[in-house]
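Asker: Generate coordinates for the sequence data below:
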Amino acid sequence: MCSVRTTNPSRRPRLIAVLSLVLAAGPLVAIAAKKGGELPLDTTGPAAPVPWERYDGWPETDWSGFNTLARQDVSPKAGTLIAVTEPITGDPAKGKELAMDRKRGGSCAACHILPGAELPGNVGPDLSTIGAQSRTDEYLYNYVYDPRVYNPKSIMPPWGTHKLFSPEEIRDIVAYLKTLDTPAQFASPHDNPATRGRDEPERDNLDPIDNPGMAVLEEGEALFNRAGPTGKSCASCHEKPAEAFKTWAAHMPRYEPRLKKVMNVAEFVTRHARPTTGDEFLMQSPENLALSMFLAHQANGQPIMVDVASPGAKEAAARGQALMERGKVGQLNFACFDCHVAGSNKWIRGQFLTPHETQLGWHPYYRTSKGEIWDLNRRIQWCGVAIRANELPPDAPEIGDIELYLSHMNRERKMNVPGIGH
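Answerer: All right, here's what the predicted structure looks like:
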């Protein structure tokens with residue numbers, strides 16, 4: 001119970017309101033307010049390596065001719081309808097090979113059921129009988145070349161306009177589609193995306209045997225207590241991290257006026273360590289991931305609740321929403337909502353697309369398919385590379401805006417760090 005005394009009754013409601021905001025924001029803000037200032041924060045240098053270089057093992061292709069989250073005016077626009085006056089007589093065998101070629105943006109079977117396809121997806125309609133549906137050659141050709149001429153909001157890539165397939169190759173694909181007139185047969189329920197189970201083993205993400213990320217959590221705790229170049233450690237100011245950070249990570253990211261951008265846990269670690277412990281923990285370095293995981297872990301069980309109403313935060317959340325809804329990026333021309341709203345709870349080949357309101361609360365996490373610790377920034381970066389877009393550095397304002405809006409969409413979900421997933 002807290003009481004407030006003042007000699008001016010008219011100031012009491014305002015003072016109580018301010019104190020409530022401070023307490024709701026967490027002990028770190030309360031400590032700064034008690035000291036009469038803001039928490040120390042480096043606002044001059046970048047929080048990520050410069051120049052930014054893509055991770056080892058990721059594709060090295062330069063997709064600078066297509067939109068990124070930061071540039072939405074680069075990709076070729078939809079053209080006009082291409083007239084097809086003669087029946088298309090391409091090579092169906094070559095067309096089938098192209099439609100199944102996973103090196104060409106994942107292949108048609110990534111999103112559509114096609115006869116004989118391995119683990120076909122169901123984000124798009126079943127194409128196993130498209131040849132019997134009285135579609136004209138002109139319609140089929142243009143829909144493959146650039147579906148935006150029919151549907152400006154289509155989530156299908158513009159295969160021709162973005163030069164994933166040549167006009168000749170698209171003619172072969174159309175010739176193949178015209179041969180499809182029999183519903184696909186599946187050897188097992190697993191092959192059918194409508195009946196395929198997710199086949200994910202049950203794991204206790206806080207069990208050190210099930211989750212190797214728990215070992216990294218221990219590294220984070222050691223870093224928290226280790227003195228840096230200034231002779232101080234995190235523990236020098238926060239002796240009881242379980243109390244000091246009990247709710248803090250659940251309220252992150254937040255808009256930081258000093259940076260004029262959204263700052264998440266990882267960027268805070270970088271910028272707060274410099275003027276306090278003297279450590280240089282750049283975002284996505286092993287030390288940053290470990291310490292970020294330790295701090296987020298202290299908020300386990302707390303509901304996510306970020307500020308999207310105050311000045312700066314409101315505008316950032318709106319930008320994040322716009323990017324997720326309409327921010328088409330990469331050679332495949334996808335926006336976040338294309339997969340995680342329109343395609344949610346469906347399959348892109350063997351990958352199940354989760355809805356966006358179930359995606360937070362467990363980062364950083366151990367990614368089993370890579371054997372690595374990933375934070376949300378890296379996951380967003382990989383989404384871009386997977387759809388053939390040049391990724392932004394992890395401290396990019398656009399990534400912060402998306403994380404703020406995504407956190408708001410995941411409000412009330414309980415923190416449970418470190419996570420584990422494929």
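
Asker: For the protein, which residues score under the pLDDT cut-off?
Answerer: Counting by pLDDT under 70, the low-confidence segments of the chain come to 1-37.

Asker: Check it and tell me which residue is nearest its centre.
Answerer: In the chain, the residue lying closest to the centroid (Cα atoms, centre = their mean) is Ile380, at 3.3 Å.

Asker: Am I right that that residue is in contact with Ile399?
Answerer: Yes. Between Ile380 and Ile399 there is a contact under Cβ atoms under 8 Å: 5.5 Å. The C-beta positions use only the backbone N, C-alpha and C, and glycine is treated the same way.

Asker: In contact with Arg203, which residues?
Answerer: Residues in contact with Arg203 (Cβ atoms under 8 Å, 6 or more residues apart in numbering) are 210-211, 420.

Asker: that older thread, ok, the residue nearest to the centre of the chain to Asp210 distance?
Answerer: Separation of Ile380 from Asp210 (Cβ to Cβ, to the nearest Å): 26 Å.

Asker: And the strands in the stretch 1-150 of the chain?
Answerer: Using DSSP state E, counting those that start in this stretch, no strands are assigned anywhere in the stretch 1-150 of the chain.

Asker: Helices of that one, start to end?
Answerer: Secondary structure of the stretch 1-150 of the chain by DSSP state H, counting those that start in this stretch: the helices cover 12-25, 27-34, 92-99, 137-145.

Asker: Which residues does the third one contact?
Answerer: Residues lying outside helix 92-99 but in contact with it, judged by Cβ under 8 Å, 6+ apart, are 104, 107-109, 114, 165, 169, 171-179.

Asker: Which of the residues you listed sits closest to Pro275?
Answerer: For the contacts of helix 92-99, the minimum distance to Pro275 (Cβ to Cβ) is 49.6 Å, reached by Arg104.

Asker: which residue sits closest to the closest one, ignoring its sequence neighbours?
Answerer: Leu164 (5.7 Å; Cβ to Cβ, 6 or more residues apart in numbering).

Asker: for the one you found, helix, strand, or coil?
Answerer: Of the three states, Leu164 takes coil according to DSSP: H, G, I helix; E, B strand; the rest coil.

Asker: Can you give me every residue that contacts it?
Answerer: By Cβ under 8 Å, 6+ apart, Leu164 lies in contact with 104-105, 157, 331-332.

Asker: Kindly report the same for Ala242.
Answerer: Applying Cβ under 8 Å, 6+ apart, the residues near Ala242 are Gln298.

Asker: Tell me how far it lies from Ile155.
Answerer: Ala242 is 44 Å from Ile155, by Cβ to Cβ.

Asker: before we move on, the earlier item: let's see if you can find the most crowded of the contacts of Leu164.
Answerer: Pro157 (26 neighbours; other Cβ atoms under 10 Å).

Asker: Could I get the contacting residues of the nearest residue to that residue once chain neighbours are set aside?
Answerer: Leaving aside its chain neighbours, Pro157 sits nearest to Leu332 (4.5 Å; criterion: Cβ to Cβ, 6+ apart). Contacts of Leu332 were listed using Cβ under 8 Å, 6+ apart, and they are 105-106, 157, 162, 164, 387-388.

Asker: Among these, give me the pair with the biggest separation.
Answerer: Spanning the widest gap among these are Gly106 and His162, at 13.4 Å by Cβ to Cβ.

Asker: So what touches stretch 48-60?
Answerer: For stretch 48-60, contacts defined as Cβ under 8 Å, 6+ apart pick out 282-284, 378, 382, 385, 388, 391-395.

Asker: now, the most widely separated pair of those residues?
Answerer: Among the contacts of stretch 48-60, Leu282 and Arg388 lie farthest apart (Cβ to Cβ), at 26.5 Å.

Asker: and the residue lying closest to Tyr143 once chain neighbours are set aside, what does it touch?
Answerer: Leaving aside its chain neighbours, Tyr143 sits nearest to Tyr150 (6.4 Å; criterion: Cβ to Cβ, 6+ apart). By Cβ under 8 Å, 6+ apart, the contact set of Tyr150 is 139, 142-143.

Asker: quick one: Tyr150 from Pro158, how far?
Answerer: From Tyr150 to Pro158 the distance is 11 Å (Cβ to Cβ).

Asker: Also Ala299?
Answerer: From Ala299 to Pro158 the distance is 43 Å (Cβ to Cβ).

Asker: gap between the closest residue to Ala250 other than its chain neighbours and Met252?
Answerer: Closest residue in space to Ala250, ignoring its immediate chain neighbours: Gln302 at 4.0 Å, by Cβ to Cβ, 6+ apart. According to Cβ to Cβ, Gln302 stands 11 Å off from Met252.
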